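Peer 1: Turn this into a structure:
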Amino acid sequence: MAPLDQTRKASRQAAPGDTGIASRLLAWYDAHHRDLPWRITPGAFAGGARADPYRVWLSEVMLQQTTVEAVKAYFRNFVEKWPTVEALAAAPAEDVMKAWAGLGYYSRARNLKACADLVALRGGHFPDTEAGLRELPGIGAYTAAAIAAIAFDRPAAVVDGNVERVMTRLHSIETPLSEAKPEIRALVEKLVPQTRPGDLAQAMMDLGATICTPKRPRCMLCPVREDCSAVLTGDPERFPVRVPKDDKPLRKGAAFVAERGDGAILLRKRPEKGLLGGMTEVPTTGWTARIDGATTADAAPFSADWRRAGQIGHVFTHFALELEIFHAPVKGEAPDGHFWSLAHEISGEALPTVMKKAIEAAIPGATKKQRPH
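Peer 2: You can find the predicted model right below:
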């Protein structure tokens, strides 16, 4: 199994249509896909079969903010009553709303009817591109990508809650989910293959729904566990990282990870009294539970070629902390009050979790190295 630093580097730099992860997901999907009433057989596009855009669109709209199990019966009822988009367009709006009752978020039903009316006016054909689909009522970025990929086999990046969970774990994304969405989408785009993009989208959804679940994920059954950074760190449930609740104040600061040429990391000991008293840390700015610290490289304890290495979050009992992480190669003796910890000694230092996160953000795998025997 590859070391964590190698795994992260390989996964984040994967080429578009990465054949390793994508092919394993597709093989898993072929064998373990969920049997859902709006789906066609995996790989059917290759044999000339086509998904019904109407059914794909209807299912995706219904699945917004609703579970698959809740949607199944509603979907079957709709397609029995209105088997085509033209039939749905011809139905009285009141009947559509009645059939929707119980699914909630009723603006979806109104948009559903408006969309059906417009598509019917255009000859009953859905646009086959994300851009065209987004022009229709009630179709946002996610739904457009899903329909384009699943119904038209377009290489679109489909990112729902399940996919977000899979990707944040696969790459140990420390950025809070609300801020990480562009990064997640970019990583999904790298995975999308030119063939079977719709199946890959559904594979990732199924993986999140059945294996990579929010609680107690079944990692031993996961087809991409060997590529998963969160599996290697042993804490997949920590991802995706959520923005702390409002009832805890959010403090900010910066941490500076200085690395010597031999891999040693510059550390210091915190004061015996106070938060994390007596623990070891990388140099940070003066944040506390009550005040923020500086967040820029200008606040570094000494001059160096500091480069931003990301952001980490950590929740303490009474507050949440958000640290900007900076990394720099450094030569020479340790400054007063600091010391160099050799690469194989870092894992044995008295580093609190927040400091391990800071180091890992700058040097993936650094806190996992063991002293050679």
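Peer 1: Not counting its neighbours along the chain, what's nearest Val119?
Peer 2: Leaving aside its sequence neighbours, Val119 sits nearest to Val85 (C-beta to C-beta, 6 or more residues apart in numbering; 5.1 Å). Just so you know, the C-beta spots here come from the backbone N, C-alpha and C atoms, and that holds for glycine as well.
Peer 1: Counting neighbours, what do you get for that neighbour?
Peer 2: Val85 is flanked by 24 other residues according to other C-beta atoms under 10 Å.
Peer 1: and if you look at Met205?
Peer 2: Neighbours of Met205 under the rule other C-beta under 10 Å: 25.
Peer 1: for Gly234, same thing?
Peer 2: Each residue near Gly234 was counted by other C-beta under 10 Å, and the total is 9.
Peer 1: Trp334 contacts Leu266, doesn't it?
Peer 2: Actually, residue 334 is Ala rather than Trp. Yes - between Ala334 and Leu266 there is a contact at 6.0 Å, judged by C-beta atoms under 8 Å.
Peer 1: Could I get the average pLDDT for the strand or helix carrying Arg165?
Peer 2: Remark: Arg165 resides in helix 161-170, with elements defined by DSSP states H and E. For helix 161-170, mean pLDDT is 96.
Peer 1: what about dumping the CA coordinates of stretch 262-279 to CSV?
Peer 2: Extracted as CSV, the C-alpha positions of stretch 262-279 are listed here (Å, rounded to 0.1, in the frame of the first residue of the first chain):
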residue,chain,number,x,y,z
ASP,A,262,16.6,16.1,5.9
GLY,A,263,12.8,16.2,6.7
ALA,A,264,13.1,17.5,10.2
ILE,A,265,10.3,19.8,11.4
LEU,A,266,10.7,22.8,13.6
LEU,A,267,8.7,22.5,16.9
ARG,A,268,8.3,24.3,20.2
LYS,A,269,6.7,23.5,23.5
ARG,A,270,3.5,25.4,24.6
PRO,A,271,3.4,27.0,28.1
GLU,A,272,2.6,24.6,30.9
LYS,A,273,-0.6,26.5,31.8
GLY,A,274,-3.5,27.2,29.5
LEU,A,275,-4.9,25.6,26.4
LEU,A,276,-2.9,22.6,25.3
GLY,A,277,-0.6,23.3,28.2
GLY,A,278,2.8,21.6,27.9
MET,A,279,2.1,20.1,24.4
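Peer 1: Name the surrounding residues that touch that stretch.
Peer 2: Stretch 262-279 is contacted by residues 257-260, 280-283, 288-289, 316, 330, 334-335, 337-343, 346, 349-352, 354-355, 359, 363, 366 when judged by C-beta atoms under 8 Å, 6 or more residues apart in numbering.
Peer 1: hang on, the earlier thing: list residues touching both of Ala334 and Leu266?
Peer 2: Common contacts of Ala334 and Leu266 (C-beta under 8 Å, 6+ apart): Trp340.
Peer 1: Of those two, which one has the most company?
Peer 2: Just comparing Ala334 and Leu266: by other C-beta under 10 Å the higher neighbour count belongs to Leu266, 22 against 16.
Peer 1: For Leu170, which non-adjacent residue is spatially closest?
Peer 2: Cys228 (5.2 Å).
Peer 1: residue contacts, that neighbour?
Peer 2: When contacts are counted by C-beta under 8 Å, 6+ apart, Cys228 is found next to 7, 169-170, 219, 222, 236.
Peer 1: can you do 7 Å?
Peer 2: Contacts for Cys228 (C-beta atoms under 7 Å, 6 or more residues apart in numbering) come out as 169-170, 222.
Peer 1: Nearest to Arg134 among these?
Peer 2: Nearest to Arg134 among those: Leu170, at 27.3 Å, using C-beta to C-beta.
Peer 1: For that closest one, give me its contacts.
Peer 2: Leu170 neighbours (C-beta under 7 Å, 6+ apart): 11, 224, 227-229.
Peer 1: Would you map the helices across the chain?
Peer 2: Shown for the chain, the helices assigned by DSSP state H span residues 4-12, 19-32, 53-63, 68-81, 85-90, 93-100, 107-121, 130-134, 141-152, 161-170, 177-191, 197-210, 229-233, 353-362.
Peer 1: So which other helices or strands are in contact with the fourth one?
Peer 2: Contact here means 3 or more C-beta pairs under 7 Å, 6 or more residues apart in numbering; DSSP states H and E; on that basis helix 68-81 packs against helix 53-63, helix 93-100.
Peer 1: Taking their axis directions, that helix and helix 107-121 sit at what angle?
Peer 2: Angle, helix 68-81 to helix 107-121, by axes from the mean of the first three to the mean of the last three C-alpha atoms, to 10 degrees: 40 degrees.
Peer 1: List the buried residues for helix 68-81?
Peer 2: 71, 74-75, 78-79 (16 or more other C-beta atoms under 10 Å).
Peer 1: and the least confident of these?
Peer 2: Lowest pLDDT among those: Tyr74, with 92.
Peer 1: That residue and Ala151, how far apart?
Peer 2: Taking C-beta to C-beta, to the nearest Å as the measure, Tyr74 falls 19 Å from Ala151.
Peer 1: Please report how far the residue nearest to Trp340 when sequence neighbours are not counted lies from Lys369.
Peer 2: Spatial nearest neighbour of Trp340, excluding adjacent residues (C-beta to C-beta, 6+ apart): Ala264 at 4.2 Å. Distance, Ala264 to Lys369, by C-beta to C-beta: 11 Å.
Peer 1: cool, and Val231?
Peer 2: Relative to Lys369, Val231 is positioned 18 Å away (C-beta to C-beta).
Peer 1: the more surrounded of these two?
Peer 2: The neighbour comparison of Val231 against Lys369 (other C-beta under 10 Å) goes to Val231, with 23 against 19.
Peer 1: Am I right that the more buried one is in contact with Cys219?
Peer 2: Yes - proximity of Val231 to Cys219 meets the contact threshold set by C-beta atoms under 7 Å, at 5.2 Å.
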